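Engineer: kindly generate the corresponding structure for this input.
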Amino acid sequence: MKSLWKSVRKVRIKRLLLLVVVLWLWVMFVLAIVIDAYGRIDRARPADVIVVLGAGLRANNQPGPALTRRAAHAALLWQQGYAPVVICSGGNPGSRARSEAAACAELLQADGVPTSAIVQEEQSRSTEENALYTRSLMLEKGWQTAIVVSDGYHLFRARRLFVNEGISAYMSPADVQPATNEYIVFLLREVAAFNWQLVKEALNLPVTYVQGI
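Structural biologist: Model prediction:
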């Protein structure tokens, strides 16, 4: 009888665990849909600054496609008069010869944005630090509102991080999207990164650097 009860108990536990896994996967699926949908709407409006979130450089220290499309979109917003200043936010997390911000500034200049309208924030190594160090820079300059430019899949989490820092942020996705297979990978990474951010907030953990997020 005891043996039968143990068997029944094991079956129930397995079913419960399976149910938990299925529910978790369903929640993650819904979250992915929300992140994707949020990033497809351009919320740009007149602001004090435009903030370009950095992206990794190539092995030859040249900007990759993500930073290129973000900078191009920021330059377009500047040309349309949305803000007089563009902040390039991104340090040198991979020990490259130059920062992501420097590469961003170069791209902006090539698109007609003058050096006088570009500010480089070269300390940050992650999206969380993008928000943290941009806030310090904005407080120093007296800027209060920002259009945050990045790839669409990145904006849902980025908005939460910037709002957490007290910044009035209007999210604006780059016009060009990565290839579908790359987009899916980036979207899944954002789902994982957003979960990690929620855990950090729940446990009140300090700023942490995890390469790639």
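Engineer: what are the boundaries of the helices in this structure?
Structural biologist: With DSSP state H as the definition, the chain shows helices at residue ranges 2-38, 65-79, 100-110, 127-141, 152-164, 180-203.
Engineer: now the ones you listed as CSV including distance to Gly91, mean pLDDT and mean neighbour count?
Structural biologist: In short, each C-beta sits where N, CA and C put it, glycine included. Putting those into CSV (distance: least, CB to CB, whole Å; pLDDT from 0 to 100; neighbours: other CB atoms under 10 Å) gives the following:
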stretch, distance to Gly91, mean pLDDT, mean neighbour count
helix 2-38, 25, 84, 11
helix 65-79, 13, 97, 22
helix 100-110, 7, 97, 22
helix 127-141, 8, 96, 20
helix 152-164, 16, 97, 22
helix 180-203, 18, 93, 14
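Engineer: export those to a markdown table and tack on distance to Pro46?
Structural biologist: Output for those, formatted as a markdown table (distance: least, CB to CB, whole Å):
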| stretch | distance to Pro46 |
| --- | --- |
| helix 2-38 | 21 |
| helix 65-79 | 10 |
| helix 100-110 | 19 |
| helix 127-141 | 16 |
| helix 152-164 | 17 |
| helix 180-203 | 28 |
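Engineer: which of those sits closest to Gly90?
Structural biologist: helix 100-110 (2.8 Å; CB to CB).
Engineer: show me what contacts the closest residue to Ala169 other than its chain neighbours?
Structural biologist: Setting aside the residues directly before and after it, Ala169 is nearest to Phe162 in space (CB to CB, 6 or more residues apart in numbering), at 4.0 Å. Counting by CB atoms under 8 Å, 6 or more residues apart in numbering, Phe162 makes contact with Ala131, Thr134, Arg135, Ala146, Val148, Ala169.
Engineer: phi first, then psi, for the residue nearest to the third one when sequence neighbours are not counted.
Structural biologist: To tie it back to what came earlier, the one meant is Arg135. Nearest residue to Arg135 in three dimensions, chain neighbours excluded: Glu165, at 4.1 Å (CB to CB, 6+ apart). In terms of degrees, to the nearest 10, the main-chain angles of Glu165 are phi -90, psi 0.
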